[in-house]
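*Asks:* this is the structure alone, sequence omitted:
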C-alpha cells in the first residue's frame, strides 16, 4: 500500500506546457480515445474548462514537482453533483499518487462545495483506474455495452459515483466527516 503524499494547488497557465505533454502521451490518448492535441488546442481546452467554471487543480508530489492535474467539471450546485477527472504525468502513473489526489479533490467537493454526489466515466479497458476508483469508494452505477473502441476492440464504458453519505462517514452541516466531528468540539 502506498503512502504517497500530494498537495493540490491552483492550475496555473505555466502548467499548460506539461499538461500538453501528458495529454499527448500514447497511453493518455488511447484511454481517453482522442487524437493528439496541438499546444494551441491544449491552451483552448484549459481556457474552455475555466470558462465553464470547472475547478482545475495541479497535483504536486512530496518534492513539490508538478505530476498531474485533477478537476471537477459539470459542477451543478443546484443538484449537488459534479464529475471528477484526473490525469497524471506518465512518469507518475502507478506510483500511488492517484489515490491521495482523488481523495483530496473528493473532500473539496463534499466539504467545501457541499456536493451530494461526485461521478465519473471510464472505459472498461482501463482496469487499473476502475480498481482505484472502487478502492476510493466509487460504485458502478451503470454500463454502456461495447461503447468505446480501443485497439481493434469495443469495450464497455462504466458510470461510477460516490455519495457524500458514503464518503468516510456522514458529513455534518459544518462540512466535517461525522467521524471527525467529535474532534471539532
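*Replies:* Looks like it arrived, so ask away. Given the structure is predicted, the values throughout are model-derived calculations rather than measurements.
*Asks:* quick one: contacts for the nearest residue to residue 11 once chain neighbours are set aside?
*Replies:* Leaving out its chain neighbours, the residue that sits closest to residue 11 by C-beta to C-beta, 6 or more residues apart in numbering is residue 56, at 4.0 Å. Just so you know, the C-beta spots here come from the backbone N, C-alpha and C atoms, and that holds for glycine as well. Shown in contact with residue 56 (C-beta atoms under 8 Å, 6 or more residues apart in numbering): 10, 11, 46, 49, 50, 69, 71.
*Asks:* so which of those is the closest to residue 155?
*Replies:* residue 71 (23.6 Å; C-beta to C-beta).
*Asks:* who does the closest one bridge with?
*Replies:* Beta bridges link residue 71 to residue 56, residue 85, judged by DSSP bridges.
*Asks:* near it, how many other residues are there?
*Replies:* Around residue 71 there are 19 other residues, counting by other C-beta atoms under 10 Å.
*Asks:* likewise for residue 132?
*Replies:* Close neighbours of residue 132, defined as other C-beta under 10 Å, add up to 17.
*Asks:* burial count for the residue nearest to residue 64 when sequence neighbours are not counted?
*Replies:* The spatial neighbour of residue 64 that comes closest, neighbours along the chain excluded (C-beta to C-beta, 6+ apart), is residue 7 at 7.6 Å. Look at residue 7: counted by other C-beta under 10 Å, it has 14 neighbours.
*Asks:* against residue 40, how distant is residue 7?
*Replies:* Counting by C-beta to C-beta, to the nearest Å, the gap from residue 7 to residue 40 is 30 Å.
*Asks:* run through this protein and note the low-pLDDT ranges.
*Replies:* 1-2, 169-185 (pLDDT under 70).
*Asks:* tell me the buried residues in stretch 128-145?
*Replies:* 129, 130, 132, 133, 136, 137, 138 (16 or more other C-beta atoms under 10 Å).
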